[in-house]
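# return a 3D structure for these sequence lines:
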Amino acid sequence: MGSDLMGSDPMGSDLMGSDPMGSDLMGSDPSGRYSGRQRATGKCIGTDIYSGMPSRSTSTARPLPHASDDATRRVMDALRRIVRGLSASARVLPGGSSVSGAQLFVLRQIDAAPGLSIGELAARTLAGQSTVSEVVARLVARRLVARRASTTDARQSQLTLTASGRRAIAAVDPTTQERLAGALGQLRSDERETLATALESWVAAAHLADEAPSMFLEGKRGAAEGTGRARSTAKTSKRVARA
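Here you go, the predicted structure:
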């Protein structure tokens, strides 16, 4: 009955021909009745939506470390905790707008040392001047930060918080960025060097070394998108409350 079943089933050849292990399974059939026919069809499982998918022999995917590699799991778990903490750093302000964790980090640094220049702020946030300038420009546009010409050097500007900026960080705990930077300071210099070298090697191996090191979760459209999401959430909450 085997040959009748396989021959009459309209999906039979597709099912067996597309199974990643199909050729092995059918090739082990003592009669050899199906192995040649199935390899010749080259079709996919029961439907054409999977056609064109690379086979195992042509795939460019690299094998992942074995699940029992404890060090790999610990690294990935540590990264997940960091990303989760950074994602939770944003704060929704009265009126529905939001401030990202990176912006809160910058606001708190300016509040701690009013009158900072861009260069000094970059040093305090462990970021590049161009990266910090982008974040400051967004905060100035939102009237959370005031930028004035320096009284001692006209080529530089001094940064201070506005009243709205001070309200934005009122009762805010240290951000994840601050805690991470502070924790790095608690490591020995040789531990920081080892960590830096390992992370740089990891990033290079993942082909991410050319990515710009912007502030955490602060893309070029981050502020606008965050504000839009917060307002959308606020509107939805109001509609639910009315219902």
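
# going by C-alpha atoms from here, please, whenever you check contacts or count neighbours.
Fine.

# pLDDT weak spots in the protein?
By pLDDT under 70, the weakly predicted segments of the chain are 1-68, 94-95, 219-243.

# okay, now the domains of it?
The chain is divided into the following domains under automatic domain parsing: 2-50, 98-178.

# and the nearest residue to residue 144 once chain neighbours are set aside, how far from residue 104?
Closest residue to residue 144 apart from its sequence neighbours, by CA to CA, 6 or more residues apart in numbering: residue 165 at 4.0 Å. Plainly put, residue 165 is 9 Å away from residue 104 if you go by CA to CA, to the nearest Å.

# which one's more surrounded, the two?
Here residue 165 and residue 104 are set side by side on neighbour count (other CA atoms under 10 Å), and the busier one is residue 104, at 25 against 22.

# any idea which helix or strand carries the more buried one?
Residue 104 is part of helix 101-112, with elements assigned from DSSP states H and E.

# and the next helix or strand after that helix, C-alpha only, in PDB?
Taking DSSP H and E as the definition, the helix or strand that follows helix 101-112 towards the C-terminus is helix 118-125. Included here for helix 118-125 are C-alpha records, laid out as PDB according to Å, rounded to 0.1, in the frame of the first residue of the first chain:
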ATOM      1  CA  ILE A 118      29.600  70.400  25.200                       C
ATOM      2  CA  GLY A 119      33.100  69.100  25.700                       C
ATOM      3  CA  GLU A 120      32.800  68.900  29.400                       C
ATOM      4  CA  LEU A 121      29.300  67.200  29.100                       C
ATOM      5  CA  ALA A 122      30.800  64.700  26.700                       C
ATOM      6  CA  ALA A 123      33.500  63.800  29.200                       C
ATOM      7  CA  ARG A 124      30.900  63.400  32.000                       C
ATOM      8  CA  THR A 125      28.700  61.200  29.900                       C
END
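
# buried ones in helix 118-125, by neighbour count?
Neighbour-count burial for helix 118-125, with 16 or more other CA atoms under 10 Å as criterion, is recorded at 118, 119, 120, 121, 122, 124, 125.

# who's residue 158 bridged to?
Going by DSSP bridges, residue 158 is paired in beta bridges with residue 148.

# so what's the residue count around it?
What residue 158 shows, counting by other CA under 10 Å, is a neighbour count of 19.

# need the contact list for it.
For residue 158, the residues meeting the contact criterion (CA atoms under 8 Å, 6 or more residues apart in numbering) are 114, 115, 116, 117, 118, 147, 148, 149, 150.

# for those, give me TSV that also has distance to residue 73.
TSV is the format used below for those (distance: CA to CA, whole Å):
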residue	distance to residue 73
114	42
115	44
116	41
117	41
118	39
147	45
148	48
149	50
150	50
